[in-house]
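Novice: No letters, just coordinates:
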């Protein structure tokens, strides 16, 4: 990787952390300059279109961090019911993550995108949320096919329930600075999985 590429990656990484903590509209270029140690010209040298271009790259990076973490967990968890539980546990890790502080980047960006429907981030965050829903749905569908999840389970309903519950738990935990809100959601989803989903 060239020095220019390394600098670009550093800008994306640092900007992702700032955006995830303070939001796109709550973050100024001055904030990004302070975090990266670069002047405005140094940032625009890599992101000529400015803040929007950087925000898209930073969101993609942030989402890849959470997705990669999910992938690592799934390498060691095979049973579909256990994967559903592990899916939730990753949200807990993201809540206190040092690499990407601020919780789930999809939820954080979705809240802002809802208030600015024409913003370039809207489609990107919708695609990311769809990817989360699809991931849970595939876990359930494969679990049904392998006899690990009860056959009468509606995969789409479970996907919506898991993702919306977890994202809501993250939001409440951040709002009240109290991780117990997310933990209650995790406990409920674990109980539901064991009582109603595991075959």
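Specialist: Done, it's in. Owing to the predicted nature of the structure, the values given are computational and were not obtained by experimental measurement. Residues are numbered from 1 along each chain as shown.
Novice: Centre of the chain to the lowest-mean-pLDDT helix or strand in the chain, how far?
Specialist: For the chain, using mean pLDDT, DSSP states H and E, the weakest element among its helices and strands is helix 105-115, scoring a mean of 79. On the basis of Cα atoms, centre = their mean, to the nearest Å, the separation between the geometric centre of helix 105-115 and that of its chain is 10 Å.
Novice: and if you look at stretch 157-168?
Specialist: That offset, for stretch 157-168, works out to 13 Å (Cα atoms, centre = their mean).
Novice: got the buried residues for it?
Specialist: 158-159, 162-163, 165-167 (16 or more other Cβ atoms under 10 Å). Glycine gets a C-beta too; all of them are placed from N, C-alpha and C.
Novice: among these, which are in helices?
Specialist: 158-159, 162-163, 165-167 (DSSP state H).
Novice: Switch those residues over to TSV; also include pLDDT and distance to residue 62.
Specialist: Below are these laid out as TSV (pLDDT from 0 to 100; distance: Cβ to Cβ, whole Å):
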residue	pLDDT	distance to residue 62
158	98	25
159	98	21
162	97	20
163	96	17
165	97	21
166	95	16
167	91	15
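Novice: hmm, back to that, now the buried residues of stretch 157-168 in a markdown table, please, with extra columns for distance to residue 44.
Specialist: Output for the buried residues of stretch 157-168, formatted as a markdown table (distance: Cβ to Cβ, whole Å):
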| residue | distance to residue 44 |
| --- | --- |
| 158 | 45 |
| 159 | 40 |
| 162 | 41 |
| 163 | 36 |
| 165 | 41 |
| 166 | 37 |
| 167 | 33 |
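Novice: Pick the one among the ones in helices among the buried residues of stretch 157-168 closest to residue 20.
Specialist: residue 167 (14.1 Å; Cβ to Cβ).
Novice: And the nearest residue to the closest one once chain neighbours are set aside, how far from residue 125?
Specialist: Distances taken as Cβ to Cβ, 6 or more residues apart in numbering put residue 107 closest to residue 167, at 4.3 Å, once the chain neighbours are dropped. As judged by Cβ to Cβ, to the nearest Å, residue 107 and residue 125 stand 9 Å apart.
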